[in-house]
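S.K.: have a look; sequence and predicted model below, questions after that.
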Amino acid sequence: MKKRKKYSSILLALVLFILCFVNSGNNAFAVNTDQAKPGLEVMFIDVGQGDAILISCDDHYMLIDGGTSDKSDLIYTVLKNKGITHLDAIAATHPHADHVGGLPGALAYAVCDVAYVPVASYDNASFNKFKTSLQSKGVPLAVPETGSKIQLGSAVISVIGPTDIEPSMTPNDISLFFRLDYGNTSFLFAGDAEQQEQQLVMWNYYDLLDVDCLKAAHHGSYNGASSAFIQAVSPKITVVSCGAGNSYGHPHADALSLYKNSGSALYRTDMHGDIYVTSDGTQLYVTTEKQPQGDIWSSGNTFSSASGSSNSGSSSTGSLTTTNQAGKTDYVLNTHTGKFHLPSCSSVSTIKESNKVYFTGTRDELINKGYSPCGRCHP
């Protein structure tokens, strides 16, 4: 009997030694669905083709974006199911409808202390509706300065963008750019900031870009990532928020290659549904609403280009129409550069056929979709 107790004690000591050794590393990333709930939760809400992120820390809450207006009920339901009746802050990263449209749903359920926006005014129906909702609830509007900090429980959120806003900047490039720190773990929320703005952020705040988890800019678009930016961020986890079968082809193959080559794990709302990244201050843990069906590294559905369609008739993806009858269209898109042109623009002849898409619609529709006007023909 004494020998058995002795051996049991030795075995217990050995197990404890192994556990201590395993947990002594400095790894700040783990995928684990069985751990006790840590102190910080970042929920990437599946709002389809849009962004919505709910941050919870020590019973303090911040909502970043809310998807399109038809997702207001979903945002309302998420807050209700979690019993969140008070938000410390709401942030609308920029005025586009797929980010700001659903935010009134949050204000319909929860009171809010302050709303952060990159600009106080913008001629956009969704943004103006959001401002009206804020006014009706008595929520003040604030434009945070770069370099300022937001306290959320024991988490600290640093504002590192946008840089000085110029009239020529696209709505995407005026996106609020946040870094969140909780213990030794960190997150970067880049809104829809494209490469031009990312370069400025790298110039001003390069040392703050190296984080554990990246919310991919612009839904995984090619113009939301560059080799230099991803190298600076070096994310262990990348989350892409996009809708299944979206008409923009998000996420794009070019961006996916950058994330994959960086060694980052990848999660996508179009394939994983709601994504939860939690932290105990030392490690990150990822759980998802569902298992992905298909290859997570596959790009989204791409635009049908002129070279990909037949020589007669037309094909349509949402409001984007491909046709070889260019004279009947309003604009010509370059899906590689993200620019749109008048059909008579001299730049149109230089666009590769595989990147050329004809569009019938308004200028504002294209800008709301993330395209910017050509500087030569000024459409």
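M.R.: Happy to help now that I have it.

S.K.: got the residue ranges for the helices in the stretch 101-250 of the chain?
M.R.: With DSSP state H, counting those that start in this stretch as the criterion, the stretch 101-250 of the chain has helices at 103-107, 125-137, 195-205, 227-233.

S.K.: could I get these as JSON lines with mean neighbour count?
M.R.: (Each C-beta comes from the backbone N, C-alpha and C, glycine too.) Compiled in JSON lines, those are given as follows (neighbours: other Cβ atoms under 10 Å):
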{"stretch": "helix 103-107", "mean neighbour count": "25"}
{"stretch": "helix 125-137", "mean neighbour count": "17"}
{"stretch": "helix 195-205", "mean neighbour count": "18"}
{"stretch": "helix 227-233", "mean neighbour count": "18"}
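
S.K.: columns distance to L258 on top of those helices, output as CSV?
M.R.: Shown next, in CSV, are the helices of the stretch 101-250 of the chain (distance: least, Cβ to Cβ, whole Å):
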stretch, distance to L258
helix 103-107, 30
helix 125-137, 30
helix 195-205, 11
helix 227-233, 5
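
S.K.: ok, now which ones touch M62?
M.R.: Shown in contact with M62 (Cβ atoms under 8 Å, 6 or more residues apart in numbering): 54-55, 87-91, 150, 152, 157.

S.K.: for S349, find the nearest of the helices of the stretch 101-250 of the chain.
M.R.: The minimum distance between S349 and the helices of the stretch 101-250 of the chain falls on helix 195-205, with 24.6 Å, by Cβ to Cβ.

S.K.: for that closest one, output the C-alpha coordinates as PDB.
M.R.: Only the C-alpha atoms of helix 195-205 are listed here, as PDB (Å, rounded to 0.1, in the frame of the first residue of the first chain):
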ATOM      1  CA  GLN A 195      -3.400  50.700 -49.400                       C
ATOM      2  CA  GLN A 196      -2.900  54.500 -49.600                       C
ATOM      3  CA  GLU A 197      -4.200  55.100 -46.100                       C
ATOM      4  CA  GLN A 198      -2.400  52.000 -44.800                       C
ATOM      5  CA  GLN A 199       0.900  53.400 -46.000                       C
ATOM      6  CA  LEU A 200       0.200  56.600 -44.100                       C
ATOM      7  CA  VAL A 201      -0.600  54.600 -40.900                       C
ATOM      8  CA  MET A 202       2.600  52.600 -41.400                       C
ATOM      9  CA  TRP A 203       4.500  55.900 -41.600                       C
ATOM     10  CA  ASN A 204       2.900  57.300 -38.400                       C
ATOM     11  CA  TYR A 205       2.300  54.200 -36.300                       C
END
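
S.K.: what is it packed up against?
M.R.: Helix 195-205 sits against strand 155-161, strand 177-182, helix 227-233, with contacts defined as 3 or more Cβ pairs under 8 Å, 6 or more residues apart in numbering; DSSP states H and E.

S.K.: output these as JSON lines; include the columns distance to G361 and mean pLDDT.
M.R.: Below are the helices and strands packed on helix 195-205 laid out as JSON lines (distance: least, Cβ to Cβ, whole Å; pLDDT from 0 to 100):
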{"stretch": "strand 155-161", "distance to G361": "30", "mean pLDDT": "96"}
{"stretch": "strand 177-182", "distance to G361": "30", "mean pLDDT": "97"}
{"stretch": "helix 227-233", "distance to G361": "31", "mean pLDDT": "94"}
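
S.K.: T170: which of these is closest?
M.R.: When these are compared by Cβ to Cβ, strand 155-161 sits nearest T170, at 13.6 Å.

S.K.: how far is that closest one from where the chain is centred?
M.R.: Relative to the chain's own centre, strand 155-161 is displaced by 16 Å; criterion: Cα atoms, centre = their mean, to the nearest Å.

S.K.: quick check: angle from it to helix 195-205?
M.R.: Here strand 155-161 points in a direction 120 degrees away from that of helix 195-205 (axes from the mean of the first three to the mean of the last three Cα atoms, to 10 degrees).

S.K.: so what secondary structure elements neighbour strand 155-161?
M.R.: Secondary elements touching strand 155-161 (3+ Cβ pairs under 8 Å, 6+ apart): strand 53-57, strand 149-152, strand 177-182, helix 195-205.

S.K.: got these as CSV, with distance to D270 columns?
M.R.: Formatted as CSV, these follow (distance: least, Cβ to Cβ, whole Å):
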stretch, distance to D270
strand 53-57, 16
strand 149-152, 28
strand 177-182, 23
helix 195-205, 23
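
S.K.: would you single out the least confident of these?
M.R.: Lowest mean pLDDT within those: helix 195-205, a mean of 91.

S.K.: show me what that one is in contact with.
M.R.: Helix 195-205 is contacted from outside by 146, 160-163, 169, 172-175, 177, 179, 190, 193, 209, 217, 223-226, 228-229, 232, using Cβ under 8 Å, 6+ apart.

S.K.: swap in 6 Å and give it another go.
M.R.: Under the contact criterion Cβ atoms under 6 Å, 6 or more residues apart in numbering, helix 195-205 has outside partners 160-161, 163, 173, 177, 223, 226, 229, 232.

S.K.: got phi/psi on T170?
M.R.: Backbone torsions for T170, taken as degrees, to the nearest 10, come to phi -80, psi 160.

S.K.: tell me how far it lies from S372.
M.R.: Separation of T170 from S372 (Cβ to Cβ, to the nearest Å): 5 Å.

S.K.: repeat that for S158.
M.R.: Distance check for S158 against S372: by Cβ to Cβ, it reads 28 Å.

S.K.: with I237 instead?
M.R.: Here I237 is placed at a distance of 30 Å from S372 (Cβ to Cβ).

S.K.: V277 belongs to a strand, doesn't it?
M.R.: Yes. Membership of V277 in a strand is supported by DSSP: H, G, I helix; E, B strand; the rest coil.

S.K.: bridge partners for it, pull those for me.
M.R.: With DSSP bridges as the criterion, V277 is bridged to V42, V286.

S.K.: same check on Y267?
M.R.: With DSSP bridges as the rule, Y267 is bridged to V239.
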